[in-house]
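Asks: sequence and predicted model, in that order:
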Amino acid sequence: MKRWIPFILTLALLVPIGAEAAIVVVVNNANPTEKMSERELIDMYMGRNLYFANGQLALRLDHSPKSSVRRDFYRQLVGKTVAQVNAYWARLLFTGTAAPPHVIPDKSEVIEAVKKNVNAIGYIDEADLVEDLKVVGRID
């Protein structure tokens, strides 16, 4: 039995533990934005830049604080937990510097809001992507 332990441990390291699906950043098909860099997405979702490249004000959409896609989005994009992001926004709100993205409680509502508003931007799990949305960024 002892000689099987190294084999079992090696095998366990080779098996992926719940690979995460990619998160895509989406806009309305009529939005002229084609691609956004990681830096542009960070600036937009952390309140440093609120405008698309064409000068239109972006309607930034966020998921519920309890959402796993929100947790993964901020962890992958800025390396912060939802609690850390909430604390960041609390500081900015207190000083009047900026306001956080608009929270939409359900992923299907995020999709519908982006489909209905040419200036909306949101993020969703890639598995939830529908034809009427344009992907402008990808967070892996």
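Replies: Perfect, I can see it now. Treat the numbers as computed from the prediction; the structure is a model and nothing was measured.
Asks: show the subsequent helix or strand relative to the longest helix seen in the chain.
Replies: As far as residue count goes, and with DSSP state H defining each element, the longest helix of the chain is helix 82-95. Once helix 82-95 ends, the next helix or strand along the chain (criterion: DSSP states H and E) is strand 102-104.
Asks: in three-state terms, label the residue most central in space within the chain for me.
Replies: In the chain, the C-alpha nearest the mean C-alpha coordinate belongs to residue 73, at 3.7 Å (CA atoms, centre = their mean). Reducing the assignment at residue 73 to three states with DSSP: H, G, I helix; E, B strand; the rest coil gives helix.
Asks: give me every residue that touches it.
Replies: Neighbour list for residue 73: 23, 63, 123, 139 [criterion: CB atoms under 8 Å, 6 or more residues apart in numbering]. Placement of C-beta: from N, CA and C, glycine included.
Asks: swap in 6 Å and give it another go.
Replies: The neighbourhood of residue 73, defined by CB atoms under 6 Å, 6 or more residues apart in numbering, consists of 23, 123.
Asks: tell me the confidence at it?
Replies: With respect to pLDDT, residue 73 scores 96.
Asks: spell out the residue ranges of the strands in this protein.
Replies: Along the chain, the stretches classed as strands by DSSP state E are 23-28, 59-63, 102-104, 120-125, 133-139.
Asks: for the longest one, buried residues please.
Replies: Read that as strand 133-139. Within strand 133-139, the residues that count as buried by 16 or more other CB atoms under 10 Å are 133-137, 139.
Asks: lowest-confidence helix or strand of the protein?
Replies: Of all regular secondary-structure elements in the chain, judged by mean pLDDT, DSSP states H and E, the least confident is helix 5-14 with a mean of 44.
Asks: flag the shaky bits of this protein, pLDDT-wise.
Replies: Low-confidence segments of the chain, defined by pLDDT under 70, span residues 1-21.
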